[in-house]
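> Following is a predicted model, sequence given first.
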Amino acid sequence: MTPEEGLTSTTSLGSDWVLGEDGLRHRRAARVIVLDDAGRALLVRGHDADQPDRSWWFTVGGGIDAGETEVEAALRELREEAGLALGPADLQGPVMTRAGIFHFFAETCRQDEVFFLARVDAGHVPVADGWTDVEREVLDELAWLTADELRAQPYEVFPTALPDVIDALAGGWDGTVRHLGTENDDEAVPGA
C-alpha cells in the first residue's frame, strides 16, 4: 500500500475521517454550545457501537464537509442534529478549541474541534429528524441540562471542562477563546 492509499483507506467512521500521518483517523469538526435563557445547555448523549455500555454527553456538532466553513458546518449540524435553524449572526465565537483523541468504531481517532456559542429561547424541543443512519445507531438522546445537572449525572462528559464552560458562558461571552489543547477522552476509562 502506498502512503497515499493509506491516507484515504476506508473506515466505518465515514469518508470525512482520513488517516493522518500519525496513524490516527482525523477530521476537523464544528461544535455548538447551545444555551437557553434558563441557563441550560442542549446536549447529546451517545455511545460507541464498539463499547455500548459506555455513554457520554457532548455538544451538538460534527465534521466539517469539504468546501464548508466552520460556521457553515456548525449551522448545518444544528439543523441536522437538533432541528435548530439559525443563521451566522446567531453564533458567537469561536469560544473554545480542543483536539479530542478517543476510541470510536474500534479505531483511535483525533478530532480537531472548534466550538461556537448560540443562545436560544427556552422551550425549543430538539428533534432528531436529520440524524444519519450512523447517528441513529450511536446517539441516544438530546436533552437540556444545567451545568449542575451535568456534573451530577452518571455519564462521562466531553470535553470534561464543559460544565465549567457552561457556567462561564451563561453570564455572557467575554471574547476570550478557551484553548483546551489535546485531551485524551479515554484516559479515565479502564481498559480503553
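It's in.

> so where's the longest helix in the chain?
For the chain, the longest helix by residue count, based on DSSP state H, is helix 70-82.

> Just after that one, pick out the following helix or strand.
strand 91-104 (DSSP states H and E).

> how about the CA coordinates for that next one, as CSV?
Extracted C-alpha coordinates of strand 91-104, given in CSV (Å, rounded to 0.1, in the frame of the first residue of the first chain):
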residue,chain,number,x,y,z
LEU,A,91,-23.3,32.3,16.5
GLN,A,92,-20.7,33.8,18.8
GLY,A,93,-17.0,32.8,18.7
PRO,A,94,-15.3,30.5,18.3
VAL,A,95,-15.4,30.4,22.1
MET,A,96,-13.3,27.3,22.6
THR,A,97,-11.0,24.8,20.7
ARG,A,98,-9.6,21.4,21.5
ALA,A,99,-8.2,18.3,19.9
GLY,A,100,-10.0,15.2,21.2
ILE,A,101,-8.4,11.8,21.0
PHE,A,102,-10.8,9.0,21.5
HIS,A,103,-11.7,5.4,20.6
PHE,A,104,-14.7,5.1,18.3
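
> Quick one: distance of that strand to the chain centre.
Mean C-alpha position of strand 91-104 versus that of the full chain (CA atoms, centre = their mean, to the nearest Å) differs by 7 Å.

> Stretch 113-129 now?
12 Å.

> What of stretch 148-161?
For stretch 148-161 - counting by CA atoms, centre = their mean - the centre lies 14 Å from the chain centre.

> Buried residues, it. List them.
150, 156-159 (16 or more other CB atoms under 10 Å). Placement of C-beta: from N, CA and C, glycine included.

> Kindly present these as a markdown table, with separate columns for distance to residue 43 and secondary structure.
Formatted as a markdown table, those follow (distance: CB to CB, whole Å; DSSP: H, G, I helix; E, B strand; the rest coil):
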| residue | distance to residue 43 | secondary structure |
| --- | --- | --- |
| 150 | 7 | helix |
| 156 | 12 | strand |
| 157 | 8 | strand |
| 158 | 10 | coil |
| 159 | 12 | coil |
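
> Would you reformat those residues as a markdown table and include pLDDT and distance to residue 61?
Below are the buried residues of stretch 148-161 laid out as a markdown table (pLDDT from 0 to 100; distance: CB to CB, whole Å):
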| residue | pLDDT | distance to residue 61 |
| --- | --- | --- |
| 150 | 97 | 17 |
| 156 | 90 | 17 |
| 157 | 94 | 15 |
| 158 | 93 | 11 |
| 159 | 95 | 12 |
